[in-house]
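[1] Quick one, what's the 3D model for this:
(chains A and B)
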Number of protein chains: 2
Amino acid sequence: MPTEVANEFDVESLREAWPALIDEERAEAFMLLTEEDGRNLFSSLPPADQSGLLQYLPNGTASVWMRFLAPDDAADVLQATEPERRPRLRDMLDAPTRREVDALLAYAEDEAGGLMSPRFVRVRPDITVDVAIRYLRQQTMHNPETLYYVYVIDAEQHLRGVLSLRELFAAPDNATIADVMHADPIFVRESTDQEEVARVVEQSDLLAVPVLDDEGRMRGIVTVDDIVDVIHEEATEDIQKLGGTEALGAPYLDVGFFSMIKKRGGWLSVLFLGELLTATAMGFFEEEIARAVMLTMFIPLIISSGGNSGSQAATLVVRSLALHEVRLQDWLRVLFREIKSGVTLGAGLGVMGFVRVVLWQQLGWYDYGDAYVLIGCTVWASLIGVVCIGTLCGSMLPFLMRRLGFDPATSSAPFVATIVDVAGVLIYFSIAAAVLRGTLL
Amino acid sequence: MPTEVANEFDVESLREAWPALIDEERAEAFMLLTEEDGRNLFSSLPPADQSGLLQYLPNGTASVWMRFLAPDDAADVLQATEPERRPRLRDMLDAPTRREVDALLAYAEDEAGGLMSPRFVRVRPDITVDVAIRYLRQQTMHNPETLYYVYVIDAEQHLRGVLSLRELFAAPDNATIADVMHADPIFVRESTDQEEVARVVEQSDLLAVPVLDDEGRMRGIVTVDDIVDVIHEEATEDIQKLGGTEALGAPYLDVGFFSMIKKRGGWLSVLFLGELLTATAMGFFEEEIARAVMLTMFIPLIISSGGNSGSQAATLVVRSLALHEVRLQDWLRVLFREIKSGVTLGAGLGVMGFVRVVLWQQLGWYDYGDAYVLIGCTVWASLIGVVCIGTLCGSMLPFLMRRLGFDPATSSAPFVATIVDVAGVLIYFSIAAAVLRGTLL
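    Have a look, this model is predicted:
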């Protein structure tokens, strides 16, 4: 009953089941799809999945799909394939595409050259609109590439101008291309970082941006659908770093257990070493602690409040820097803003802490002794200090990181919390020593 | 010396200075730009900035820019304008655009209807390719909208098929549109959530997706450049929530001070109330603490390690859920993975903690007394327990949130850390009580 099997593997349920399947099962199910469903599914897969699938498809079928890919996508698939398996896939490409793909593989993955497609529509500046449209209609029949813009290229392969297809359509038949094109088009270099390429595309609202080499020759285009992937990738990296992990670089369930432990354990150990300083800091106040044990009960409360406010500030500032809403030179404005925020938020939490101490005493739920109002004041003042340190560290560390050439997202919530924990212990016990001297201490 | 002033306000330095300027200064500088620079800058501004600028431009100039906007962008500007100032801007639009804008304003901002442009290219299924191309060339001259796809619409306004411009180009002159179009095109509904629209566009690699109403009539298209904004917005929201703030909904420096305090103070207070439980938890162990004060020195270390591992797990899982790399039904797989991770990471940190205690004792840097090996063991075992609780809470809370219909990103790093702090105190002192009974306690 072949229809039943085919029904079981209709494209939607295959999509559903996809993450749970191994490559061999994927290939088996994929072979049962209609050509159109197969095309849709295949195009929507990430390169690693495409590569895995191709390993288990019979040679003939794999060739068809390998040739179906645009050169930049084929390059991504090869990059995602283990080196010893690459030749099989590479050999499936026709000779001109293979040359294009080899050229693309020479670029770093995260620069414009590594993102671009070497296929674009080019015309000479001196032909007429009418001729250009007839030429393009002929060209397009044999050219599988998407068509957004027409690039005007001179004999030296220099980019002279650009014209959207809509503009070409709207232009009078016998104007020359040079008359109707936009001179000075926006472009990026082969070595432009992908984050910058994304910014250029977003700011210009272009569907594709031309990539030039150092001699000003046009080498390819980066299209907006590649930019969408870049934006996701960059956000994921920032989120993971902010959470205190190295960027995983692959979906959670696809990362090997030990590779994940390494990416998490590294930071966790560094933070642990930093956190050891809290024990040292508390060592300074050994006598005070021994005399007023009840003070220790507020340690987690106080240091965590600092950590939380620091985590908020760090996240807000890191994201604003990433979106270019805030620039390096805005640090002083942010500093003032965060001091104000820290005092306000800290005072608010401080009042809650004070009320907690006094209320528990009054209700007889806990006995803090005669000095309970002073203990309440200590908690209140410490919270203001700790929350301020939190907003300060959280907001300034990302600027410092950027200034030193690191990724601002490295100033993760846990990183800030660790600094604030050590500072919090020192602040709390110093205030306690000052406020309670003569009474409890 | 007008050229000097104009030089001072060339478009690049204006872009640089933009965030630091108030609306009035922006308008003044904007008036000095060339038409082309003005157009580029204006299109790249977020709606709130466009609105602010328009307030301070003279009526005539403001009208030109208001009419320059596509209906969906004009609607965004009106939405970003204070209600009492909206009529002035709305009246600047020509009557047909005003009707389109009014229709768009009726949609929620975060659904397909609120994102879409009502202008798209439509042809009837029964005309020939040749006629379609000639018709489009005429249409395009008067139509400012970008041209990606040609939508095939029948007399009842139902969407029958779609054709990319490239495909139209490549088709034989006298085929009919119905012959060469793709039937069953991908589409979204007016009320589809913007996150889902983004997913559809990404998965299909389309440049624009048609929006249908409940009767299947085509109402507009959502284009990929709007999707880019949606992706940024959703990532920003997730990042801010993960950092323990409500989503700001506007750039950091644009949010009013009190509105920001509200968005941060809310969660901070909730977390503080949760954190108060640590004081209560420590109250249970009052006697143990009084007898072995040195135990308190490891409290920050232990609870923060749990918080850090929880923050890692929460961030990884929230992002994977957002990118649909992990689905709700994968929770058990994630659970097993995180238990394994927790034990591994916790044991690693535990060893470091144990070494710290024993080393300080051996080197004579601190005196933990005769039971120092047992104290080291307590620290070691507590770290395993606390880190496990951290990875467990951090990884499962996002699933629980999603299951209950909340945003998984609500299980922020600080939220997880707070839960783990309370659990950490209980685990640490329980283990201490068990291990040290008879010696120190």
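[2] Low-confidence ranges, chain A, go.
    Filtered on pLDDT under 70, chain A yields the residue ranges A:1-9, A:140-147, A:440.
[3] Could you measure from the nearest residue to residue A:129 once chain neighbours are set aside over to residue A:131?
    Among residues not flanking residue A:129 along the chain, residue A:171 sits closest, at 4.5 Å (Cβ to Cβ, 6 or more residues apart in numbering or on different chains). Just so you know, the C-beta spots here come from the backbone N, C-alpha and C atoms, and that holds for glycine as well. Computed as Cβ to Cβ, to the nearest Å, the residue A:171 to residue A:131 distance reads 12 Å.
[4] These two: which is more packed in?
    residue A:171 (23 against 16; other Cβ atoms under 10 Å in any protein chain shown).
[5] residues contacting that one?
    The contact partners of residue A:171, by Cβ atoms under 8 Å, 6 or more residues apart in numbering or on different chains, come to A:129, A:163, A:180.
[6] What's the local residue count around the last one?
    Think residue A:180. Neighbours around residue A:180, by other Cβ under 10 Å: 18.
[7] Surely residue A:420 is in contact with residue A:308?
    No. Counting by Cβ atoms under 8 Å, residue A:308 is not a contact partner of residue A:420; they are 9.1 Å apart.
[8] any common contacting residues for the two?
    By Cβ under 8 Å, 6+ apart, residue A:420 and residue A:308 have these common neighbours: residue A:390.
[9] So for the two, which sits in the more crowded spot?
    A side-by-side neighbour count of residue A:420 and residue A:308, using other Cβ under 10 Å, places residue A:308 first with 35 against 30.
[10] what helix or strand is that one on?
    helix A:299-322 (DSSP states H and E).
[11] Repeat that for residue A:219.
    For residue A:219, the host element (DSSP H and E) is strand A:218-223.
[12] now do residue A:203
    Going by DSSP H and E, residue A:203 is in helix A:194-204.
[13] and the residue in the stretch 101-250 of chain A that chain B sits nearest to, what does it touch?
    As assessed by Cβ to the nearest Cβ, chain B sits closest to residue A:243 within the stretch 101-250 of chain A, at 2.5 Å. Contacts for residue A:243 (Cβ under 8 Å, 6+ apart) come out as A:412-414, B:242, B:311-312, B:314-316, B:413.
[14] before we move on, what about residue A:251?
    B:320, B:323, B:325-326.
[15] Show me the contact partners of the strand holding residue A:219.
    In this structure, residues lying in contact with strand A:218-223 by Cβ under 8 Å, 6+ apart are A:72, A:112-113, A:115-120, A:122, A:146, A:148-149, A:151, A:153, A:157-159, A:187-188, A:190, A:197, A:201, A:207-213.
[16] by how many degrees do that strand and helix A:194-204 diverge?
    Here the directions of strand A:218-223 and helix A:194-204 differ by 70 degrees (axes from the mean of the first three to the mean of the last three Cα atoms, to 10 degrees).
[17] how far is strand A:218-223 from where the chain is centred?
    Put simply, strand A:218-223 sits 23 Å off its chain's centre (Cα atoms, centre = their mean, to the nearest Å).
[18] what's downstream of it, the next helix or strand?
    Downstream of strand A:218-223 (by DSSP H and E), the next one is helix A:224-242.
[19] The following helix or strand past that following helix near chain B anywhere?
    Using DSSP H and E, the helix or strand that follows helix A:224-242 towards the C-terminus is helix A:257-284. Yes. Residues of helix A:257-284 contacting chain B under Cβ under 8 Å from any Cβ of the partner chain: A:257, A:260-261, A:264-265, A:267-269, A:271-273, A:275-276, A:278-279, A:282-283.
[20] What subset of those is buried?
    Neighbour-count burial (16 or more other Cβ atoms under 10 Å in any protein chain shown) is assigned, among the residues of helix A:257-284 next to chain B, to A:260-261, A:264-265, A:267-268, A:271-272, A:275-276, A:278-279, A:282.
[21] Using CSV, lay out the residues you listed together with distance to residue A:297.
    Listed next are those as CSV, based on distance: Cβ to Cβ, whole Å:
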residue, distance to residue A:297
A:260, 36
A:261, 35
A:264, 31
A:265, 32
A:267, 30
A:268, 27
A:271, 24
A:272, 24
A:275, 20
A:276, 22
A:278, 16
A:279, 17
A:282, 14
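[22] circling back to that earlier point, need the residues that contact the helix holding residue A:203.
    A:110-112, A:114-115, A:186, A:188, A:192, A:206, A:208-209, A:222, A:224, A:227, A:230-231, A:234, A:324, B:40, B:44, B:225, B:228.
[23] On the three-state scheme, residue A:152 is what?
    strand (DSSP: H, G, I helix; E, B strand; the rest coil).
[24] burial count for it?
    Counted with other Cβ under 10 Å, residue A:152 comes out at 26.
[25] What residues are recorded as beta-bridge partners of it?
    residue A:123, residue A:161 (DSSP bridges).
[26] residues of the helix holding residue A:203 that come out buried?
    In helix A:194-204, the ones that count as buried by 16+ other Cβ under 10 Å are A:194, A:197-203.
[27] Repeat that for stretch A:120-127.
    Buried residues in stretch A:120-127, defined by neighbour count with 16+ other Cβ under 10 Å: A:120-121, A:123-124.
[28] what does the helix or strand where residue A:76 lies contact?
    Using DSSP H and E, residue A:76 falls within helix A:71-79. Around helix A:71-79, the neighbours that count as contacts under Cβ under 8 Å, 6+ apart are A:47, A:50-51, A:54, A:66, A:69, A:86, A:89-90, A:93, A:97, A:100-101, A:104-105, A:109, A:114-119, A:220, A:226.
[29] between it and helix A:224-242, how big is the angle?
    Using the same axes, to 10 degrees: helix A:71-79 against helix A:224-242 is 40 degrees.
[30] Could you point out the helix or strand that follows helix A:71-79?
    Toward the C-terminal end, the helix or strand that comes next after helix A:71-79 (DSSP H and E) is helix A:86-91.
[31] helices or strands up against that next one?
    For helix A:86-91, the elements it packs on are helix A:71-79, helix A:95-105, judged by 3 or more Cβ pairs under 8 Å, 6 or more residues apart in numbering or on different chains; DSSP states H and E.
[32] Same list, those helices, but as a markdown table with mean neighbour count and distance to residue A:250 please.
    Shown next, in a markdown table, are the helices and strands packed on helix A:86-91 (neighbours: other Cβ atoms under 10 Å in any protein chain shown; distance: least, Cβ to Cβ, whole Å):
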| stretch | mean neighbour count | distance to residue A:250 |
| --- | --- | --- |
| helix A:71-79 | 23 | 13 |
| helix A:95-105 | 16 | 20 |
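[33] In CSV: these, plus distance to residue B:22.
    Below are the helices and strands packed on helix A:86-91 laid out as CSV (distance: least, Cβ to Cβ, whole Å):
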stretch, distance to residue B:22
helix A:71-79, 44
helix A:95-105, 47
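[34] Which residues does stretch A:319-339 contact?
    A:199, A:234, A:238, A:313, A:317, A:388, A:391-392, A:394-396, A:398-399, A:402-403, A:408-409, B:19-20, B:232, B:236, B:239-240, B:251-254, B:257.
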